[in-house]
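*Asks:* coords please:
(chains A, B, C and D)
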Protein chains: 2
Amino acid sequence: MTIKLDAYDRILLAAIQQDARTAQSELGERANLSTAAVNRRLKLLAGAGVIERYTARLNPKALGYPLTIIVEVAVENERADLLQEMQRSFKACPQVQQCYYVAGECDFVLVFLVRDMEQYVALTHTLFHDNDNVKAFKTLVAMDRVKYGMDVPVDGPPG
Amino acid sequence: MTIKLDAYDRILLAAIQQDARTAQSELGERANLSTAAVNRRLKLLAGAGVIERYTARLNPKALGYPLTIIVEVAVENERADLLQEMQRSFKACPQVQQCYYVAGECDFVLVFLVRDMEQYVALTHTLFHDNDNVKAFKTLVAMDRVKYGMDVPVDGPPG
DNA sequence: CCTGAAATATCTAAAAG
DNA sequence: CTTTTAGATATTTCAGG
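*Replies:* Residues are numbered from 1 along each chain as shown, chains lettered A, B, ... in the order given. Reported below is the predicted structural model:
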């Protein structure tokens, strides 16, 4: 399941994580590999799921979603079917950018992207107030996205 | 500053957000545009900052980072220079994947990607315990990444 | 596993309607 | 905006070490 990554792979992965449009010839120069080798490795890494997908990161503000809101949700009952139904509703909501099921003081942490507070309030109704299994939720409005992205550290193994 | 997006742009943006490697010819077919028009629009959108960057999303587990941890940090003093110094230290830490400066019960929300709990504990020392301006922090360990990514809703304007 | 070269496919820019 | 053309780039495959 866990594919073994060598130093070449890590160079490639670090580079395409930063800029997915880096040409394979350029990647080859950086890693000291031929473009054919780069191509083969990238395909392997994608097939193995190390590369999950290639994506364009869009500017939320430019698309009319200037507000980032982080929400902690506590549930009443942790019954599996109830949790799954909640997860389904969160996943189905386009304004829920991220959702984590967590252990600790609360049960879910959500990251919302919304047009305005009005839209957020409306979503709290459909997602939280209308759900009997939501015990409480806490709203944190982001004033600044200090660091964002899905970047994974690409350093060597721990040893 | 805010570029005006038409329905064509939104089709293109939604498509490349899902798969940045979709060929422009394919994008043209979906939006009913020529590849030349697609190319022109994509360049414009990138230049205007609507497209922030093209990136490969990597699998954290495959790279040895199986643990996602969410942390709420409360500060002692909100003096600008102290806050900036904290933000700098968070940004500089590769294991801090995301950081939001928030209004509410706490001041920062961080998303960590770590190899194991030991690494997380070590980071709490350098980032929190060793910083006099950190009043408290709360740790939430993610059991499941229900939904993740940086996807922005690409629907039409509110009206 | 690799390289290098050849074959495809894609992208980009220009010209003209 | 479109289409078409043409040339530059990039990707992918294949032969062979």
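*Asks:* Check what pLDDT A:R57 gets.
*Replies:* Looking at A:R57, its pLDDT stands at 98.
*Asks:* Is it within a helix or a strand, and which one?
*Replies:* Here A:R57, judged by DSSP states H and E, is contained in strand A:51-58.
*Asks:* Tell me the residue in chain A that is farthest from the middle.
*Replies:* Residue distances from the centre of chain A (Cα atoms, centre = their mean) peak at A:S34, which lies 32.0 Å from the mean C-alpha position.
*Asks:* Please tell me how far that residue sits from chain B.
*Replies:* Taking Cβ to the nearest Cβ, to the nearest Å as the measure, A:S34 falls 20 Å from chain B. Using the backbone N, CA and C atoms, a C-beta is placed for each residue, glycine as well.
*Asks:* Skipping its backbone neighbours, what lies nearest that residue in space?
*Replies:* A:G28 (5.7 Å; Cβ to Cβ, 6 or more residues apart in numbering or on different chains).
*Asks:* Can you pull the phi and psi angles for the one you found?
*Replies:* When read as degrees, to the nearest 10, the backbone of A:G28 gives phi -60, psi -40.
*Asks:* if we can go back for a sec, can you give the strand pairings for the helix or strand following the strand holding A:R57, parallel or anti for each?
*Replies:* Where DSSP H and E defines the elements, the next helix or strand beyond strand A:51-58 is strand A:67-75. Applying DSSP bridges to the sheet, strand A:67-75 is found paired with strand A:108-114 (antiparallel), strand A:134-147 (antiparallel).
*Asks:* got the buried residues for strand A:67-75?
*Replies:* For strand A:67-75, burial by neighbour count (16 or more other Cβ atoms under 10 Å in any protein chain shown) applies to A:L67, A:T68, A:I69, A:I70, A:V71, A:E72, A:V73, A:V75.
*Asks:* what would these look like in JSON lines with pLDDT and distance to DNA strand C?
*Replies:* As requested, those are exported to JSON lines (pLDDT from 0 to 100; distance: Cβ to the nearest atom of the strand, whole Å):
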{"residue": "A:L67", "pLDDT": "98", "distance to DNA strand C": "32"}
{"residue": "A:T68", "pLDDT": "98", "distance to DNA strand C": "30"}
{"residue": "A:I69", "pLDDT": "98", "distance to DNA strand C": "35"}
{"residue": "A:I70", "pLDDT": "98", "distance to DNA strand C": "35"}
{"residue": "A:V71", "pLDDT": "98", "distance to DNA strand C": "37"}
{"residue": "A:E72", "pLDDT": "98", "distance to DNA strand C": "41"}
{"residue": "A:V73", "pLDDT": "98", "distance to DNA strand C": "40"}
{"residue": "A:V75", "pLDDT": "98", "distance to DNA strand C": "44"}
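*Asks:* sorry, back to before: deepest of the strands paired with strand A:67-75, which one?
*Replies:* strand A:108-114 (a mean of 24; mean count of other Cβ atoms under 10 Å in any protein chain shown).
*Asks:* Please save the CA atoms from that strand in CSV.
*Replies:* Output in CSV follows, covering the C-alpha atoms of strand A:108-114 (Å, rounded to 0.1, in the frame of the first residue of the first chain):
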residue,chain,number,x,y,z
PHE,A,108,-16.2,18.1,13.8
VAL,A,109,-14.2,21.0,12.6
LEU,A,110,-15.4,22.7,9.4
VAL,A,111,-14.0,25.3,7.2
PHE,A,112,-16.6,27.3,5.4
LEU,A,113,-16.2,29.6,2.4
VAL,A,114,-19.2,32.0,2.2
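*Asks:* where in chain A is pLDDT low?
*Replies:* By pLDDT under 70, the weakly predicted segments of chain A are A:1.
*Asks:* how's it carved up into domains?
*Replies:* Domain ranges of chain A: A:7-48, A:60-142, per the TED database.
*Asks:* hang on, the earlier thing: could you tell me how far the residue nearest to A:S34 is located from chain B?
*Replies:* To chain B, A:G28 is 16 Å away according to Cβ to the nearest Cβ.
*Asks:* from what I can see that residue touches A:R40, true?
*Replies:* No - taking contacts as Cβ atoms under 8 Å, A:G28 lies outside contact range of A:R40: 11.1 Å.
*Asks:* Between these two, which is the more surrounded one?
*Replies:* Per other Cβ atoms under 10 Å in any protein chain shown, whichever of A:G28 and A:R40 has more neighbours is A:G28, with 18 against 12.
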